[in-house]
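Undergrad: Sequence and predicted structure, then a few things I'm wondering about:
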Amino acid sequence: MKWRTYPEDVLPLWVAEMDVPLAGPVVRAVTDALRLGDTGYPAGTAYAQALAAFAGKRWGWSGLAVERTAIVPDVMLGVVEMIKLVTGPGDPVVVNPPVYPPFFMFVEHMDRRVAEAPLGADGRLDFGVLEETFRKAVAGGRRAAYLLCNPHNPTGTVHTAEELSAVAGLAERYGVRVVADEIHAPLVLGDAGFVPYLSVPGAERGLSLMSASKGWNLPGLKAALAIAGPGAAADLDRLPEEVGHGPSHVAVIAHTAALRDGLAWLDALLAGLDTNRWLLADLLAEHLPAIRYRPGDATYLAWLDCRALGLGDDPADVFLERGRVALSSGLPFGTGGAGHARLNLATSKEVLARPCAEWRRRCAECGRTLVHCPPWTTGRWTNSARESTC
Ligand SMILES: Cc1ncc(COP(=O)(O)O)c(C=O)c1O
C-alpha cells in the first residue's frame, strides 16, 4: 500500500509499513510451509506460546497465560471483538487523541460512541481529563471501555508502570473496562522499557491485543492475539468461535517464527530506527526548524507539529502537492491533529536524508524522467514504468 498508492514521483512516508528485508526466520518458516503445501486452517497455540516466551525474555513478564489468549484475525478486529465483549450498542469508548485514526472508524462502525480524552501537551496521558471522561462515560449506569494505545501511535509515547497503574486504578474506580492495543510493544527504542498493561497491579480485568505485525513488518500476514487478565478470562471465553476462523495459518506460522527466532533481527531493526529518529531530528533542525518534533520512545512514526509553518490545518496536503512527499494527515487523528503530520521513518537513511528532487532525474540520453527505486528493491534508476534502466 505504501509504495503503490501514490504516483511514481511521490516519495511515500506515510502508512505503517517498513522498508526492510524480512527477518530470515520468517522467510524460512513461510517458504517451508509453502514447500510442504501446509496451507490449511490454523491449529494449536504455538503463536501464544511464542509470545509468552518473548514477553518473558524482553519485558520480564511471566503473566501471559496461554489459556487466557485467543487468536484473532488482526489487532483492529481483535479490538472490535474485545469491545463487544464488555460494552453494548451506543456505549462510549474512551480514546486519547491524537490517536491512530482507525480507533475512531472501527468504534463508530460497531455502533459505539467515541469519547475523547486528549493527551496532555507533553504527549502523555492527562489523568484529570481521563478521570472526567470516565466519570461522564459511565454516568447513568452505562458500560464503557477505554481503548488504550500502548505505546501510543502517533506520538511514540511509552506509558510508564506508574501511569498504567494509575489507569488501572481509575478504570476500576469507575468500572471502565480497559482494552489495550499493544501492537507496537516490540518497537520500544533506547532505554525506554515497555510495560505490558496486564502486568501492572489492578489491571486484572483488562484485555490486551498483541501481534508481531508491526515489529516484523507482517501486516499482510493477518494474525493477532487477544490476551485476558485473570479477571477478564470469563469475558474472553464468550468470544464467538468464528472469530478464530479469520486469521491465516501461514500468517500464524510467520508471527510465531518472528517472536521465537526473530530477536536478533529485531535488535538490528531497533538500532536502525533509533538512528533514524535522531537523523530526522537533525535534518528538521537544519532544514525546517519551524517544525517541532519530539523523537518518540517507540514506534517508527514521527509526529510533526507543523503549525509554525503557517500551512493551515493539513500541512501533509501541502507537502504532497509541493514537495511530492506523502505523509499522513494529522486531521483524522482527532483533537490535536490539526496542523500536524505523521512521518514514517522506517526506511533507509538515504531515503530520509536525500532531498526529494534527487529521487527524480532526467536520462541524459533519452530525456525520460527516471525515478530511483528504493534500495531494498533494485536500488537503480529506472523509467517511470520501473521496467528497465535507462
Ligand atoms: C496502534 C495500531 N493498532 C492497530 C494497527 C493495525 O493493526 P492490524 O493490521 O493488526 O489491525 C496499527 C497499524 O499501524 C496501529 O498503529
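TA: Structure's in. What do you need?

Undergrad: Excluding covalently adjacent residues, which one is nearest to Ser329?
TA: Distances taken as CB to CB, 6 or more residues apart in numbering place Ala316 nearest to Ser329, at 4.3 Å, with adjacent residues excluded. Backbone N, C-alpha and C define where each C-beta goes, glycine included.

Undergrad: How about Ala23?
TA: Nearest to Ala23 is Trp265, by CB to CB, 6+ apart, at 3.8 Å.

Undergrad: is it fair to say Tyr6 lies in a strand?
TA: No. Read with DSSP: H, G, I helix; E, B strand; the rest coil, Tyr6 is coil and lies in no strand.

Undergrad: Ala212 versus the residue nearest to Ala23, what's the distance?
TA: 11 Å (CB to CB, to the nearest Å).

Undergrad: So those two - more neighbours on which side?
TA: Ala212 (30 against 19; other CB atoms under 10 Å).

Undergrad: wait, what's in contact with that one?
TA: Contacts of Ala212 were listed using CB atoms under 8 Å, 6 or more residues apart in numbering, and they are 51, 186, 218, 254-255, 258-259, 262.

Undergrad: Helix or strand: which one has it?
TA: Of the helices and strands defined by DSSP states H and E, none includes Ala212.

Undergrad: OK, contacts around the residue nearest to Ala23?
TA: 23-25, 216.

Undergrad: What pLDDT does the model give it?
TA: Per-residue confidence (pLDDT) for Trp265: 98.

Undergrad: Quick check: it vs Trp14, distance?
TA: Relative to Trp14, and taking CB to CB, Trp265 is found at 24 Å.

Undergrad: same question, Arg205
TA: 36 Å.

Undergrad: Ok, Ala338 next?
TA: In terms of CB to CB, Ala338 sits 18 Å off from Trp14.

Undergrad: The two: which is more packed in?
TA: Here Ala338 and Trp14 are set side by side on neighbour count (other CB under 10 Å), and the busier one is Trp14, at 23 against 17.

Undergrad: just checking, the more buried one touches Asn344?
TA: Yes. Assessed by CB atoms under 8 Å, Trp14 is found in contact with Asn344 at 6.0 Å.

Undergrad: Need the residues touching each of these two.
TA: 2, 327-328.

Undergrad: and which of those is nearest to Leu125?
TA: Ranked by distance to Leu125 (CB to CB), the shared contacts of Trp14 and Asn344 are led by Ser328 at 22.2 Å.

Undergrad: got the contact list for the closest residue to the closest one other than its chain neighbours?
TA: Closest residue to Ser328 apart from its sequence neighbours, by CB to CB, 6+ apart: Arg342 at 4.0 Å. The contact partners of Arg342, taken as CB under 8 Å, 6+ apart, are 14, 154, 301-304, 316, 327-328, 330, 333.

Undergrad: roughly how far is the helix or strand where the residue nearest to Ala23 lies from the heart of the chain?
TA: In this assignment (DSSP H and E), Trp265 forms part of helix 263-287. Offset of helix 263-287 from its chain centre (CA atoms, centre = their mean, to the nearest Å): 17 Å.

Undergrad: swap in stretch 261-278?
TA: With CA atoms, centre = their mean, you get 16 Å for stretch 261-278.

Undergrad: Now do the buried residues in it.
TA: Buried residues in stretch 261-278, counted by 16 or more other CB atoms under 10 Å: 261-263, 265-266, 269-270, 272-273, 276-277.

Undergrad: filter those residues down to the ones near the ligand?
TA: When CB under 6 Å from any ligand atom is applied, no member of the buried residues of stretch 261-278 is adjacent to the ligand.

Undergrad: Could you dump those residues into a markdown table and include distance to Ala70?
TA: Output for these, formatted as a markdown table (distance: CB to CB, whole Å):
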| residue | distance to Ala70 |
| --- | --- |
| Asp261 | 24 |
| Gly262 | 23 |
| Leu263 | 25 |
| Trp265 | 27 |
| Leu266 | 24 |
| Leu269 | 28 |
| Leu270 | 28 |
| Gly272 | 33 |
| Leu273 | 30 |
| Asn276 | 35 |
| Arg277 | 34 |
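
Undergrad: Please list all residues in contact with the most centrally placed residue in the chain.
TA: Nearest to the geometric centre of the chain sits His184, at 5.0 Å (CA atoms, centre = their mean). Applying CB under 8 Å, 6+ apart, we find His184 in contact with 150-151, 153, 214-215, 298-299.

Undergrad: what's the weakest-modelled helix or strand in the protein?
TA: strand 381-383 (a mean of 53; mean pLDDT, DSSP states H and E).

Undergrad: what about the strands in the stretch 51-200 of the chain?
TA: 69-72, 92-95, 113-116, 145-149, 177-181 (DSSP state E, counting those that start in this stretch).

Undergrad: Please enumerate the helices of the stretch 101-250 of the chain.
TA: 102-109, 127-137, 161-174, 233-237, 249-261 (DSSP state H, counting those that start in this stretch).

Undergrad: Can you give me the end-to-end span of stretch 35-43?
TA: Distance between the two ends of stretch 35-43: 19 Å, counting by CA to CA, to the nearest Å.

Undergrad: ok, and for it, which residues are buried?
TA: Quick answer for stretch 35-43 (16+ other CB under 10 Å): Pro42.

Undergrad: go on, stretch 192-204?
TA: Buried-residue list, stretch 192-204, by 16+ other CB under 10 Å: 194-200, 202-204.

Undergrad: Now pLDDT too, for these, in a markdown table please.
TA: Below are these laid out as a markdown table (pLDDT from 0 to 100):
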| residue | pLDDT |
| --- | --- |
| Phe194 | 98 |
| Val195 | 98 |
| Pro196 | 98 |
| Tyr197 | 98 |
| Leu198 | 98 |
| Ser199 | 98 |
| Val200 | 98 |
| Gly202 | 98 |
| Ala203 | 98 |
| Glu204 | 98 |
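
Undergrad: I appreciate the help and will end here.
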